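Enquirer: Mind folding the following:
(one chain, ligands or ions: 2)
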Amino acid sequence: MKLSKLLNCLNEYTVGTSQYSDVNITGIQMDSRKVVKGDLFVAISGFESDGHKFIEQAIVNGASAVVGEQSLSLKVPYFIVNNSRLALGRLASMFFDFPSKRKKVIGITGTNGKTTVSYMLKHILESNGFSTALFGTVSYTVNNQVYESTNTTPNPIQLQELLAKSLDEFAILEVSSHALTQARIEGLEIDYGLFTNLSHEHLDYHGNMQAYFKAKASMYNFLKPDGKALVSEFDFWGDKLSNVLGRKEIPVRTLGCSGNHKLIIEKINLNGETEFTVAIAENNYNINLPCPGLHNVYNAALAFLTAYEIGINPKQIVKALESFPGVPGRFEVVQHPRGAKFIIDYAHTKDAFEFCLQTAKEHKAKKITHIYGFRGGRDKMKRENMIKASSSMCDHFILTLDDLNGIEKEEMLNELSKLNLQFGQNKGKVIADRTIAIQTAWKKAQAGEWIFITGKGPEEYETEFTLPVSSDKEVLTYLQEGISEHFA
Ligand SMILES: CC(=O)N[C@H]1[C@@H](OP(=O)(O)OP(=O)(O)OC[C@H]2O[C@@H](n3ccc(=O)[nH]c3=O)[C@H](O)[C@@H]2O)O[C@H](CO)[C@@H](O)[C@@H]1O[C@H](C)C(=O)N[C@@H](C)C(=O)N[C@H](CCC(=O)O)C(=O)O
Ligand SMILES: Nc1ncnc2c1ncn2[C@@H]1O[C@H](COP(=O)(O)OP(=O)(O)OP(=O)(O)O)[C@@H](O)[C@H]1O
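Expert: Ligands and ions are numbered 1, 2, ... in the order given. Below you'll find the predicted structure:
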């Protein structure tokens, strides 16, 4: 694409070189190491490093033109913008010919439940004959081909390139608050904007709940002119979001458990199967969901409402939800030979803890044990409330060092011991090695006990411990296969 044509997508820019020839741009890069001949390099001032420092390297690698924020003198065409991240989103979308215009795009935001709702929707759509691309925490899938997920929401180049490749009719995208503040979806156009919930998370990054909410709400700036907002009103923030969007005259469809909503959830029964009814447009549909927990009822109802708005027959939606195979690392159950249940789950917020532990209570668990840790270097403010929730709802908990993320082992151990002493209600202990903690719980497991192992879900461990396992799932497989002597 000709440089001059590409630049048309930028609202404002200054030409940083006195003269430039209208070269042909054959690719876009934000990482100098990936630049090849003919690329346009966009320099981003990042959190870790400054892309402007790598402009020379990009030129050596063959960059034909550069976009950045600083006043520089370069030997290739250079264009100065106010915000490189915004420019990158627009340039990538233009370069790949606005791929989101050619398909139905579902954007999902909120603190918890994005991955689960995205998997539920994918399953409903595919069960009804639609092809779907998926972008999220677990992986990116396009034309049935699976790519490794680098971020929950991909950077603009990956996103637009994969969308352009995709022949799928729908694209389902988890939209993180980080992505929204970093303009990763700039240039994307969304048909259905979904909101799950909001609770304390990532406040180290956003500062406070208002700013976090504002980041999430900004997803709706990317709706297509006929786009719709589908908002769960199970918490204060959902209600607030509907009001904000309503004032902007965006069509909003809400769901809740009582009150005035497009979809109302009724008759929830959680103490055996997960059964509930959705009331929509004067009809009622009973659903028997194969995933435990009230949080999954909320997730399924949001997926139901979205599929309904898309125009899928409600009976077909019910059928699909009833055959939903689940999500890797979310409420995955492993049976212990003595009749206990080990549950691997990705809960990493106070709310998620409460939903999980409450599920065990609804199922009349005889004893609840909870094994978890905290990600080193991330949102320390949320830890106190997570421990309080866990200790007030379980009988016993074990704190582990499963993801130091650059923090010194001793520092994290001290932090865990201090939190346990202050908020653990004498129910907790610290076992540094997560595998040993799981092994201890496995050895002591009693009939009717529920043991939750949360926070890592399908993720691999990042520890210095030497046992030959890299994830919770692997630990349990080893134990279940009876090679517990392996850990002796
Ligand atoms: C703190 C943060 O969010 N960082 C994100 C941000 O990185 P950044 O732009 O600041 O990158 P940087 O490393 O400072 O580098 C600046 C620029 O220099 C360039 N560079 C760097 C080195 C070099 O040799 N040459 C070069 O050109 C880099 O390519 C980059 O363009 O933009 C990148 C591209 O979009 C992201 O991959 C990266 O995510 C990092 C890896 C990350 O861990 N982010 C987490 C916090 C995150 O975003 N999480 C959410 C999910 C949250 C949830 O659980 O809900 C997500 O969407 O994944
Ligand atoms: N609707 C919900 N409300 C509260 N907690 C939920 C909800 N849905 C799922 N959870 C909990 O949050 C965990 C993560 O769920 P999920 O992966 O679907 O969320 P997410 O928003 O994609 O999070 P992440 O982006 O961090 O992966 C689950 O394992 C479960 O414990």
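
Enquirer: ok, which residues in the stretch 351-488 of the chain are in contact with ligand 2?
Expert: Residues of the stretch 351-488 of the chain lying close to ligand 2 (Cβ under 6 Å from any ligand atom) are 351, 352, 355, 356. Where you see a C-beta, it was placed from the backbone N, CA and C, and this is true even at glycine.

Enquirer: For ligand 1, tell me which of those show up nearby.
Expert: Okay, of those, nothing touches ligand 1 (Cβ under 6 Å from any ligand atom).

Enquirer: Mind giving me the ChimeraX select for the residues you listed, buried ones only?
Expert: To isolate the buried members of those in ChimeraX, using 16 or more other Cβ atoms under 10 Å:
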select :351,352,355,356
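
Enquirer: Could I get the residues of the stretch 351-488 of the chain next to ligand 2 in TSV, plus columns for pLDDT and secondary structure?
Expert: Output for these, formatted as TSV (pLDDT from 0 to 100; DSSP: H, G, I helix; E, B strand; the rest coil):
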residue	pLDDT	secondary structure
351	94	helix
352	96	helix
355	96	helix
356	97	helix
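
Enquirer: Would you point out the most distant pair within the residues of the stretch 351-488 of the chain next to ligand 2?
Expert: 351 and 356 (9.8 Å; Cβ to Cβ).

Enquirer: ok, which stretches of the stretch 101-250 of the chain are helices?
Expert: 114-127, 156-165, 177-181, 203-206, 209-217, 236-247 (DSSP state H, counting those that start in this stretch).

Enquirer: between these, which one is nearest to ligand 1?
Expert: Nearest to ligand 1, of all the helices of the stretch 101-250 of the chain, is helix 177-181, at 3.4 Å by Cβ to the nearest ligand atom.

Enquirer: Quick one: mean pLDDT for the closest one?
Expert: Model confidence over helix 177-181, given as mean pLDDT, is 97.

Enquirer: and what of stretch 239-259?
Expert: What stretch 239-259 shows for mean pLDDT is 96.

Enquirer: tell me which residues in it are buried?
Expert: 239-242, 244-245, 250, 252-257.

Enquirer: again, but for stretch 382-397
Expert: So, applying 16+ other Cβ under 10 Å, buried residues of stretch 382-397: 382-383, 385-391, 393-394, 396-397.

Enquirer: Any part of it near ligand 1?
Expert: No: using Cβ under 6 Å from any ligand atom, stretch 382-397 stays clear of ligand 1, with a minimum separation of 12.3 Å.

Enquirer: what sits up against that stretch?
Expert: Defining contact as Cβ atoms under 8 Å, 6 or more residues apart in numbering, one finds that stretch 382-397 is touched by 200-201, 203, 349-350, 353-354, 357-358, 361, 367-372, 374, 415, 419-420, 422-425, 427-429, 452.

Enquirer: Emit the ChimeraX select command for whichever of the residues you listed are buried.
Expert: Selecting the buried subset of those in ChimeraX, with 16+ other Cβ under 10 Å as the burial test, is done by:
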select :200,201,349,350,353,354,357,358,367,368,369,370,371,372,374,415,419,420,423,424,427,428,452
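
Enquirer: Which of the contacts of stretch 382-397 fall within strands?
Expert: 367, 368, 369, 370, 371, 372, 428, 429, 452 (DSSP state E).

Enquirer: pLDDT and distance to ligand 1 for those - can I get that in CSV?
Expert: As requested, those are exported to CSV (pLDDT from 0 to 100; distance: Cβ to the nearest ligand atom, whole Å):
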residue, pLDDT, distance to ligand 1
367, 97, 31
368, 98, 25
369, 98, 26
370, 98, 21
371, 97, 20
372, 95, 16
428, 94, 25
429, 94, 28
452, 97, 19
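
Enquirer: so how many other residues sit close to residue 378?
Expert: For residue 378, the count of nearby residues is 16 (other Cβ atoms under 10 Å).

Enquirer: And the pLDDT at the closest residue to it other than its chain neighbours?
Expert: In this structure, residue 378 finds its nearest non-sequential neighbour in residue 204, 6.2 Å apart by Cβ to Cβ, 6 or more residues apart in numbering. pLDDT, residue 204: 72.

Enquirer: Pick the one among the residues of the stretch 351-488 of the chain next to ligand 2 closest to ligand 2.
Expert: For those, the nearest to ligand 2 is residue 352 (3.5 Å; Cβ to the nearest ligand atom).

Enquirer: what sits against that closest one?
Expert: 112, 295, 345, 346, 454.

Enquirer: Among these, name the ones in helices.
Expert: residue 295 (DSSP state H).

Enquirer: May I have the secondary structure class of the residue in the stretch 351-488 of the chain that ligand 1 sits nearest to?
Expert: At 8.2 Å from ligand 1, residue 378 is the closest residue in the stretch 351-488 of the chain, using Cβ to the nearest ligand atom. Put simply, residue 378 is coil when judged by DSSP: H, G, I helix; E, B strand; the rest coil.

Enquirer: next one: the one 5 residues further on
Expert: The local conformation at residue 383, judged by three-state DSSP, is helix.

Enquirer: Could you do residue 406 as well?
Expert: Residue 406 ends up coil, using three-state DSSP.

Enquirer: Now it: closest residue in space that isn't a chain neighbour?
Expert: residue 377 (5.6 Å).

Enquirer: my read: that neighbour touches residue 408, true?
Expert: No: the pair residue 377 / residue 408 is not scored as a contact, 10.6 Å apart, by Cβ atoms under 8 Å.

Enquirer: Which of these two has more residues huddled nearby?
Expert: For residue 377 and residue 408, the more surrounded residue by other Cβ under 10 Å is residue 377, and the numbers stand at 13 against 10.

Enquirer: Nice, that's everything, thank you.
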